[in-house]
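In: could you look at this predicted model? Sequence included:
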Amino acid sequence: MRILLVQPKVSAEPAYPLALAAIVPLLAAEGHEVAGLDLVFDSEDDLMERVRSGGVEWVGATVLHHNTDDVMPWMRALRTLKGVRTFIAGALPTIDPLGALARTGADFAIVGPPELTVPRMVGAPDPGTVPGVVNERNPSIEWPKHIPLDALPLPDRTVFPVDQYSYAMRSTALPYAQVYTSRGCYRSCSYCPVPALRPDRFDPRTPTQVVDEWEDLVVNHGVNSIHVEDDSFLADKHRVHAICTELIRRNLRVNWELVNGIRVDQVDRLILNRMAEAGCKRIVYSVEHLNPPAYPGIGHTITATQSAVEWARNAGMRVGGYFIVGMPGIGLPQTLISVRLSLTLGLDDANWVPFYETPGSGYAGAGTTIDTAAISRSAAIRIAKAAHLAFFSQPASFGRLASEMVATPATLPAMVGKAVELLRAGGPVPMRDTP
Ligand code: SF4
């Protein structure tokens, strides 16, 4: 079969299509011919031309709940081409496969991890009957049998060339590459879709596999920094310690950065020092909401957060934080206290994200059903914009951003595009491509 994997445009920032790359090795092992196309770099006309002229039989894409409107026109157009079948995978099809089919016009939706399901589906006489595949004729939702991540091959890095995605984000070194070393998490935070996306909970790769992948990126792709995108990298500190030991044993000299949010209660001085010794140069905490010491509740206290920031900084890391503005149950006074406290942390990078009801999270649908005292979305956007403005008006934050832009001109186009999006949306555009 000839299969084209497509990453729809999510934001101005090119993000490595990890979910699609993870499907490639098992498709290739079964003799399928796999190509990739990313709508950040190519147009929809290019996509249609590629399908028409290349004898493509299957087109697959990852879909998020906020880009289905962009996907539907070309997905529907593909349906009119004789002999072409389409599938969607990722966060939205996993959480709401029938809704995802209706909103994109695809033929088949993949529920759960796609690595084994997609090869089975494209080889099946009746693809809709394969466990993990949903379509209009087979609407029952059956999760495929759980296969541990460490039993699956590492993502392919050739169908989507690494260097195309290596100069878009702020990074401690360039070029960088995005990776994941585990999926899932042991916790169930109310604002997070991960527990619904990963019912089998924390699912790690072994330390050897992790370091094998990083070594390949360094040696064969010239990568100087690894951006770890795990749901919960520090869910198992013993594994993280073993990864550090393996990096040191192999003398693998590469920066690595935890960019996807670490809870402040997952770190301590010892593990941060060990991580720094093994090359970890940056940590971003998912603080979400800050409370004074006497107010336990959603998020973290300022004292616990200050300690986590100080330990990481003393270990030599650059430290960032993510904050959610406008969560249900948190009114205006607590929101303003959280923003004020967050600005006192002296972070190197900070993002305030207006709350949105992520499908699959415990708060999906909550904005209109609970707690009328919580602030409105428009107020949350205004507060998030004001927080970014206050952060970048601090001389240290602005100076750091300006000097990085001068030092790494290759990142400028994507960063300007991202800044425009950030100003429009009031915070980062969510872009999780579920691997
Ligand atoms: S927010 Fe983080 S810690 Fe909480 S459930 Fe999601 S991945 Fe786990």
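Out: In hand now; what should we look at?
In: show me what from the stretch 251-400 of the chain comes close to the ligand.
Out: Residues of the stretch 251-400 of the chain lying close to the ligand by CB under 6 Å from any ligand atom are Arg263. In this view, the C-beta of every residue, glycine as well, is placed from N, C-alpha and C.
In: can you map out the helices along the stretch 151-300 of the chain?
Out: Ranges of helices within the stretch 151-300 of the chain are 194-197, 207-221, 237-249, 269-277, based on DSSP state H, counting those that start in this stretch.
In: how far off centre is the one helix or strand Val59 maps to?
Out: Assignment of secondary structure by DSSP states H and E places Val59 within strand 58-62. Taking CA atoms, centre = their mean, to the nearest Å, one finds the center of strand 58-62 at 19 Å from the center of the full chain.
In: strands paired with that strand, and their directions?
Out: Note on strand 58-62: by DSSP bridges, its sheet partners are strand 2-7 (parallel), strand 85-89 (parallel).
In: out of these, nearest to the ligand?
Out: Using CB to the nearest ligand atom as the criterion, the shortest distance between the ligand and these is 19.9 Å, found for strand 85-89.
In: list the buried residues of the closest one.
Out: Arg85, Thr86, Phe87, Ile88, Ala89 (16 or more other CB atoms under 10 Å).
In: any idea of the mean pLDDT in that strand?
Out: The average pLDDT for strand 85-89 rounds to 96.
In: can I get that strand in PDB? Just the C-alpha atoms.
Out: Written as PDB, here are the backbone C-alpha positions of strand 85-89 (Å, rounded to 0.1, in the frame of the first residue of the first chain):
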ATOM      1  CA  ARG A  85      -9.200   6.000   2.000                       C
ATOM      2  CA  THR A  86      -8.600   8.200   4.900                       C
ATOM      3  CA  PHE A  87      -8.100   7.800   8.700                       C
ATOM      4  CA  ILE A  88      -7.600  10.100  11.600                       C
ATOM      5  CA  ALA A  89      -5.600   9.400  14.800                       C
END
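In: past it, which element shows up next along the chain?
Out: Later in the chain than strand 85-89, the nearest helix or strand by DSSP H and E is helix 91-95.
In: who are the packing partners of that next one?
Out: Counting contacts by 3 or more CB pairs under 8 Å, 6 or more residues apart in numbering; DSSP states H and E, the secondary-structure elements packed against helix 91-95 are helix 97-104, strand 108-110, helix 194-197.
In: mean neighbour count, those: which tops it?
Out: Among the helices and strands packed on helix 91-95, the stretch with the highest mean neighbour count (mean count of other CB atoms under 10 Å) is strand 108-110, at a mean of 28.
In: need the helices and strands packed on helix 91-95 in a markdown table with mean pLDDT and distance to the ligand, can you?
Out: Converted to a markdown table, the helices and strands packed on helix 91-95 look like this (pLDDT from 0 to 100; distance: least, CB to the nearest ligand atom, whole Å):
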| stretch | mean pLDDT | distance to the ligand |
| --- | --- | --- |
| helix 97-104 | 94 | 21 |
| strand 108-110 | 97 | 21 |
| helix 194-197 | 90 | 4 |
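In: distance to Ser397 added to these, as TSV?
Out: Below are the helices and strands packed on helix 91-95 laid out as TSV (distance: least, CB to CB, whole Å):
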stretch	distance to Ser397
helix 97-104	39
strand 108-110	41
helix 194-197	29
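In: identify whichever of those lies nearest to Cys244.
Out: Among the helices and strands packed on helix 91-95, helix 194-197 comes nearest to Cys244, with 24.1 Å by CB to CB.
In: alpha carbons of that closest one, as CSV, please.
Out: Listed in CSV are the C-alpha atoms of helix 194-197, where the atom choice follows Å, rounded to 0.1, in the frame of the first residue of the first chain:
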residue,chain,number,x,y,z
VAL,A,194,-4.1,12.6,29.8
PRO,A,195,-6.0,10.1,32.1
ALA,A,196,-8.8,9.8,29.5
LEU,A,197,-6.2,9.4,26.6
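In: residues in contact with that helix?
Out: The list of residues contacting helix 194-197 from outside it, by CB atoms under 8 Å, 6 or more residues apart in numbering, reads 91, 94-95, 184-185, 187-188, 201, 231-232, 360-361, 434.
In: out of those residues, who's the most crowded?
Out: Thr94 (28 neighbours; other CB atoms under 10 Å).
In: state the distance from that one to Arg183.
Out: Distance of Thr94 to Arg183, computed by CB to CB, to the nearest Å: 12 Å.
In: touching both of those two, which residues are there?
Out: Between them, Thr94 and Arg183 share no contacting residue, judged by CB under 8 Å, 6+ apart.
In: mean confidence for stretch 314-333?
Out: According to the model, stretch 314-333 has a mean pLDDT of 92.
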